[in-house]
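**Student:** fold the following for me, if possible:
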Amino acid sequence: MSNYHKIQKLKGTKNYKPWEIIIRVLLVVNGVFKVIRPEYKPLTNPDSPTTGGVKLPIEEVDKDKWEKYINLEERVLAAIYITISPSAYSIIKTLKIVKEVWAKLKSLYRTDSYATKKTTYFALHKLYSDQFKDLYTYLAKFKEYINKLL
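**Tutor:** The predicted structure is shown next:
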């Protein structure tokens, strides 16, 4: 997992897609991408209800299975933390499960997400031609916002 520090840090919508592709590839290569897949069910330590996931009675928890699960989750979380900017980290720092972190980053930074479209809509609404040096620059920015909304 030593190649993660070489990835350009996730800064927002501008570089989310390339970041997502690169991080997916590195997680697959390292054999830990399965924690992000929809069919993967996170475990929950019965002694720690704050971790989320599926609650298991204490007698049903296999200690080796639990330790492997925690190791896997920690490896993926570490990979994500290493490759995101401090502003992105401040948004996800309270989340403990990889799937939640992945979903939050996706909902915030993926260009086709609701949050991104809403932000773009408000930016478009505040766009005035007198903010630009010429009409061409204004129309280019207008077109950029419209393309993001489509």
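
**Student:** read off the pLDDT value for the residue nearest to Leu135 when sequence neighbours are not counted.
**Tutor:** In this structure, Leu135 finds its nearest non-sequential neighbour in Ser129, 6.7 Å apart by C-beta to C-beta, 6 or more residues apart in numbering. Backbone N, C-alpha and C define where each C-beta goes, glycine included. According to the prediction, Ser129 has pLDDT 74.

**Student:** how far away is Ser129 from Asp62?
**Tutor:** According to C-beta to C-beta, to the nearest Å, Ser129 and Asp62 sit 65 Å apart.

**Student:** and Leu127, by the same measure?
**Tutor:** 57 Å.

**Student:** low-confidence stretches in the chain?
**Tutor:** Across the chain, residues meeting the criterion (pLDDT under 70) sit at 1-3, 42-61, 113, 115-116, 149-150.

**Student:** that one: helices as residue ranges?
**Tutor:** Using DSSP state H, the helices of the chain run over 16-29, 63-82, 86-92, 98-109, 114-125, 135-149.

**Student:** can you point out the buried residues in the first one?
**Tutor:** Of the residues in helix 16-29, 16, 19-20, 22-23, 26-27 count as buried by neighbour count, 16 or more other C-beta atoms under 10 Å.

**Student:** quick one: contacts of that helix?
**Tutor:** Helix 16-29 is touched from outside by 1, 3-4, 7-10, 33, 36, 76, 79-80, 83, 105-106, 109-111, with contacts defined as C-beta atoms under 8 Å, 6 or more residues apart in numbering.

**Student:** what's the closest non-adjacent residue to Tyr114?
**Tutor:** According to C-beta to C-beta, 6+ apart, the nearest residue to Tyr114 is Ser107 (7.3 Å).

**Student:** okay, which residue of the chain is out on the far edge from center?
**Tutor:** In the chain, Asp134 marks the outermost C-alpha relative to the chain mean, sitting 37.0 Å out by C-alpha atoms, centre = their mean.

**Student:** and that one, what does it touch?
**Tutor:** Applying C-beta under 8 Å, 6+ apart, one finds that Asp134 lies in contact with no residue.

**Student:** enumerate every residue touching the residue nearest in space to the middle of the chain.
**Tutor:** The centre of the chain sits closest to Leu105, judged by C-alpha atoms, centre = their mean, with a distance of 2.6 Å. Residues near Leu105 by C-beta under 8 Å, 6+ apart: 10, 16, 80, 84, 88, 92.
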